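In: Here is the input, now give the coordinates:
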Amino acid sequence: MHTGFHIQSPRFFFELRCPPSANTGRPSTHKISSLPECMSIENVIAGLEAFVPTEEDDDTCKLYEIFAGLQPLAPELRKPVIPAILSLIERYPEAELGSPGPLVHELESIPGYQPFLRESVLRQPTDLSTWMVNRILNSELPQDIRAGWLTVLSEVTKHPLASKILRRTATHFLQRQAAR
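Out: Take a look at the predicted model:
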């Protein structure tokens, strides 16, 4: 179960479904009539900036909770969170942050995230951001756009900040893309 907002009518309220609690093992549901101040874009960004992955399995649940406040907003209004999402991915290049998970789902729901992703991968390639590039390449793209993303993936194979495993992964992705 993931965190989400649902609007019911005729009277509007938001229903926040939280994942099972570590204490009770049961999910909880909270109904609110408006978004609390703590769910502003600024606080979502602050939550991402303060987030530190753990070795526990609840990291993705925590990330879904951070993003819960964005759900009622139109995707184009979420654009200010793009740099904070990518900064989190860059700070923890080998962390397990979902596959695809909340970070990828949120990024892919925001129009215009690709140039930010390109800059992030070229600055600090990570498992997750490189995987996202491959996801983009798996879609139907005009040839010039595809060539640009293949170049980004190629840069990962020789990037000084990329781990040996990540370089191999990028090489594997390139080989698979060449066969398409």
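
In: Tell me who's in contact with the most centrally placed residue in the chain.
Out: By CA atoms, centre = their mean, the chain has its centre lying nearest to Leu103, at 1.5 Å. Residues in contact with Leu103 (CB atoms under 8 Å, 6 or more residues apart in numbering) are Leu63, Ile85, Leu88, Ile89, Leu97, Leu128. The way it works is simple: take the backbone N, C-alpha and C, and place the C-beta from them, glycine included.

In: so after the lowest-mean-pLDDT helix or strand in the chain, what's the next helix or strand?
Out: Here the helix or strand of the chain ranked lowest by mean pLDDT, DSSP states H and E is strand 28-32, holding a mean of 47. For strand 28-32, the following helix or strand on the C-terminal side (DSSP states H and E) is helix 41-50.

In: what angle do the following helix or strand past that following helix and helix 41-50 make?
Out: Later in the chain than helix 41-50, the nearest helix or strand by DSSP H and E is helix 59-67. Between the axes of helix 59-67 and helix 41-50, defined by axes from the mean of the first three to the mean of the last three CA atoms, to 10 degrees, the angle is 160 degrees.

In: List the buried residues in helix 59-67.
Out: Asp59, Thr60, Cys61, Lys62, Leu63, Tyr64, Glu65, Ile66, Phe67 (16 or more other CB atoms under 10 Å).

In: Return the distance of stretch 139-152 from the chain's centre.
Out: 21 Å (CA atoms, centre = their mean, to the nearest Å).

In: Can you give me the buried ones in the helix or strand hosting Leu103?
Out: Following DSSP H and E, the helix or strand that holds Leu103 is helix 101-108. With burial defined by 16+ other CB under 10 Å, the residues of helix 101-108 counted as buried are Pro102, Leu103, Val104, Glu106, Leu107, Glu108.

In: Next: stretch 89-97.
Out: So for stretch 89-97, counting by 16+ other CB under 10 Å, buried means Ile89, Glu90, Tyr92, Pro93, Ala95, Leu97.

In: tell me how far the ends of that stretch are from each other?
Out: End-to-end span of stretch 89-97 (CA to CA, to the nearest Å): 8 Å.

In: can you give me the helices for this protein?
Out: For the chain, applying DSSP state H gives helices covering 41-50, 59-67, 82-91, 101-108, 114-123, 127-137, 143-156, 164-178.

In: Quick one: closest of the ones you listed to Leu73.
Out: helix 41-50 (7.7 Å; CB to CB).

In: picking that back up, which one of the helices of the chain lies closest to Ala74?
Out: Nearest of these (CB to CB): helix 41-50, 12.1 Å.

In: buried set for that closest one?
Out: So helix 41-50, judged by 16+ other CB under 10 Å, has buried residues Ile41, Val44, Ile45, Gly47, Leu48.

In: Please give me every residue in contact with the fourth one.
Out: If a contact means CB under 8 Å, 6+ apart, then Gly47 has Ile66 as its contacts.
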